[in-house]
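Asks: give me the fold of what follows.
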Amino acid sequence: MDTTSLYYFKELTKDLNVTHAARRLYLSQQTLSNHISRLEKWCGTPLFYRKPRLALTPAGRYLLQYAEHTLMEEQQMKDTVSDIAEEQQGTIRFGASYARYYTLLPEILPALSEKYPNVSLDITDDNAAPLITKMLSGDLDIILSPRKDILPTLDSTLLMATTVYLCVADSLLTRYYGEEAAALKEKSRHGANLADFSKLPFYIITLPNSLGSRLAACFEEANFIPRIYMQVETLRMSDIVASTRLAATFNTTIPLDTEIRTMAPDINIFPLKSHGEIVHHNVYLIHYKNRYIPRYIEYFRSLIIDYYKKHKDVDLTRVVK
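Replies: Presented below is the predicted three-dimensional model:
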């Protein structure tokens, strides 16, 4: 059996659409169809139902399990042989949300490229649950996730309990709280309770984002439904919206440590408090437990760990005078 055809078969099962899969794989539709036809001929049975839409047959579902296992074993063999031959080349299949990798990678990639100039990076931008699923199917080598997965095949290392911050412009506080704004700022210096900010409009992160779920619990504890100015799936625009002075936003230590340099100077940054404690959002580094890890992935992993160590004790609290 041709493992290339097996790989294309596995990729097609993600889209269940020949046009989309071929475009994503930089193949013609005919080439992709030929690979599938060769596999079906080799198996002696159809792998897909064609109508009313593309779907796996029972044989196709079984072959998918075989493909995931076989391709993972092939990748492990290639990694091992590459290390033995000291070729020091390969691809790191890395998964994380944009909020986590866009500040991390510029800091660590120069060191990675200097030590392993022939290693490339294949990035998957997604949330926790899809990343775990893709790792378990053999599509990823290492991921950053807010979830500590307890599956026996995966190893989770806590990188950092990042602080969650409430970011709100001074003028926005004055607009809604008038003369009370100064006292509210001092009260929130060591921890902001959302109940004290119930008049403000908010930039909300939609569920099922893990940080969005954490914040939803904070609003529930504060016992009010927030007035939503903007609702999005990620933190990407948090600093920009805060700087418009139109809504209060939330952010976490790692992205905020970069964004604070360009954020408007009159933005107050308070650590968020819930149930009397500062709110944290954990970040874990997850990889396979019992799988051979090539040296370049181990080095990439060590760079990530060192990066988070540097930010571990950073306090970004800012109270505008």
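Asks: which parts of the stretch 201-321 of the chain are strands?
Replies: 201-205, 227-232, 249-252, 267-274, 277-278, 280-288 (DSSP state E, counting those that start in this stretch).
Asks: ranking the ones you listed by burial, who's on top?
Replies: Neighbour counts (mean count of other Cβ atoms under 10 Å) averaged over each of those peak at strand 249-252, with a mean of 26. Placement of C-beta: from N, CA and C, glycine included.
Asks: re earlier: take the strands of the stretch 201-321 of the chain and write them to TSV, including distance to Leu154 and mean pLDDT.
Replies: Putting the strands of the stretch 201-321 of the chain into TSV (distance: least, Cβ to Cβ, whole Å; pLDDT from 0 to 100) gives the following:
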stretch	distance to Leu154	mean pLDDT
strand 201-205	26	94
strand 227-232	29	93
strand 249-252	23	94
strand 267-274	29	96
strand 277-278	28	95
strand 280-288	6	91
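Asks: over to Lys148. Which of the three states is it?
Replies: Three-state call for Lys148 (DSSP: H, G, I helix; E, B strand; the rest coil): coil.
Asks: mind giving me the packing neighbours of the host helix or strand of Leu121?
Replies: Using DSSP states H and E, Leu121 maps to strand 118-125. Counting by 3 or more Cβ pairs under 8 Å, 6 or more residues apart in numbering; DSSP states H and E, the packing neighbours recorded for strand 118-125 are strand 89-96, helix 98-115.
Asks: got the contact list for it?
Replies: Applying Cβ atoms under 8 Å, 6 or more residues apart in numbering, the contact partners of strand 118-125 are 87-98, 101, 105, 109, 112-113, 131, 134, 139-140, 296.
Asks: mind giving me the ChimeraX select for the residues you listed, buried ones only?
Replies: To isolate the buried ones among these in ChimeraX, judged by 16 or more other Cβ atoms under 10 Å, type:
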select :88,90,92,93,94,95,96,97,101,105,112,131,134,139,140,296
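Asks: still on that earlier bit, turn the helices and strands packed on strand 118-125 into a markdown table, columns for distance to His280 and mean pLDDT.
Replies: Formatted as a markdown table, the helices and strands packed on strand 118-125 follow (distance: least, Cβ to Cβ, whole Å; pLDDT from 0 to 100):
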| stretch | distance to His280 | mean pLDDT |
| --- | --- | --- |
| strand 89-96 | 18 | 90 |
| helix 98-115 | 15 | 92 |
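Asks: phi, psi of the residue nearest the centre of the chain?
Replies: Geometric centre of the chain, nearest residue: Ser97, 2.2 Å, by Cα atoms, centre = their mean. Note on Ser97: its backbone torsions stand at phi -80, psi 160 [degrees, to the nearest 10].
Asks: how about it: what's its closest non-neighbour residue?
Replies: Closest residue to Ser97 apart from its sequence neighbours, by Cβ to Cβ, 6 or more residues apart in numbering: Asn127 at 6.0 Å.
Asks: who's in contact with the one you found?
Replies: Asn127 sits next to Ser97, Pro208, Asn209, Ser210 when contact means Cβ under 8 Å, 6+ apart.
Asks: can you pick the most crowded of those?
Replies: Ser97 (25 neighbours; other Cβ atoms under 10 Å).
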